[in-house]
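Q: Everything below, folded, please.
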Amino acid sequence: MIFAEVKNGIKDALFRFCLRQCSVRGGFTVDEVEVFVNAAFEVFGKVPFTDIQPTTIYRYHLYAGEEYTNEILPSNVKENGVICERCIHLCTFLAGEYSDDDNGGNKIITRGYDVIYDLDSEEIILLYRVLFSDNSVITIYRVETDYIEDFEIYKFMLGITVQMTGKLQDSVPTVIFKEAA
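A: Have a look, this model is predicted:
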């Protein structure tokens with residue numbers, strides 16, 4: 001899917017999302033929120049020929065290596081936890097990390113938010129996420145939520161701009177030039 005096809009829909013949905021977040025904390029006018037969103041999309045527009053494929057977001061994700069993942073969490077079970085069938089993952093924000101290095105287990109728990117754009121509803125969906133990882137298994141649990149704790153629009157827009165620009169740049173096809181014979 002060419003990013004340009006859905007760019008305006010994402011921009012409008014992101015504007016509404018930021019207004020909702022700012023209404024809880026206050027401090028920003030509609031015009032100020034619009035300036036932040038427009039600035040991010042000016043940056044996105046500087047990356048040409050971008051193609052981002054829609055993805056499915058699941059409530060549970062598990063990775064235990066190529067050999068064991070499908071055995072532990074078969075596709076028919078995994079598909080029962082679909083949050084969004086067709087979306088574009090915009091960014092992830094981390095809110096905290098906890099680790100247990102005392103017992104040599106290298107267990108890490110990370111919490112934060114995934115921000116996705118639902119292509120069908122044309123809305124931003126905010127997901128609270130908890131990621132558990134150790135030496136051999138990564139598990140992600142997601143649930144829909146309405147607000148980001150301690151939302152600050154300038155940090156949010158900077159984060160989304162950096163992450164989306166990286167994704168857009170990664171999607172640009174590489175052109176290989178051959179010498180003329």
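Q: Following the top helix by length along the chain in sequence, what is the next regular element?
A: Using DSSP state H to define each element, the chain has its longest helix at helix 3-25. Using DSSP states H and E, the helix or strand that follows helix 3-25 towards the C-terminus is helix 30-44.
Q: Just the buried residues of that next one, please?
A: Neighbour-count burial for helix 30-44 flags Val33, Phe36, Val37, Ala40, Phe41, Phe44 (criterion: 16 or more other CB atoms under 10 Å). For every residue, glycine as well, the C-beta is placed using N, CA and C.
Q: Stretch 116-132 now?
A: Ile116, Tyr117, Asp118, Leu119, Glu123, Ile124, Ile125, Leu126, Leu127, Tyr128, Arg129, Leu131.
Q: Student question: in the protein, what's the helix or strand with minimum average pLDDT?
A: helix 75-78 (a mean of 68; mean pLDDT, DSSP states H and E).
Q: tell me what the helix or strand just after that helix is packed against?
A: Downstream of helix 75-78, the next assigned helix or strand under DSSP H and E is strand 82-100. With contacts taken as 3 or more CB pairs under 8 Å, 6 or more residues apart in numbering; DSSP states H and E, strand 82-100 sits against helix 3-25, strand 55-58, strand 107-118, strand 123-133, helix 153-171.
Q: what angle sits between strand 82-100 and helix 3-25?
A: 60 degrees (axes from the mean of the first three to the mean of the last three CA atoms, to 10 degrees).
Q: Render the CA-only coordinates of strand 82-100 in CSV, please.
A: What follows is strand 82-100, C-alpha atoms only, in CSV (Å, rounded to 0.1, in the frame of the first residue of the first chain):
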residue,chain,number,x,y,z
VAL,A,82,-7.2,-10.1,16.6
ILE,A,83,-7.5,-6.5,17.7
CYS,A,84,-7.2,-5.0,14.2
GLU,A,85,-7.2,-6.9,10.9
ARG,A,86,-5.7,-4.2,8.7
CYS,A,87,-3.7,-1.4,10.2
ILE,A,88,-0.5,0.5,9.9
HIS,A,89,1.7,0.5,13.0
LEU,A,90,2.7,4.1,13.6
CYS,A,91,4.9,3.9,16.7
THR,A,92,5.6,2.4,20.1
PHE,A,93,6.2,4.4,23.2
LEU,A,94,7.9,2.9,26.2
ALA,A,95,6.6,3.8,29.7
GLY,A,96,8.8,1.7,31.9
GLU,A,97,11.1,-1.3,32.1
TYR,A,98,11.8,-3.8,34.9
SER,A,99,14.4,-6.5,34.9
ASP,A,100,15.5,-9.4,37.1
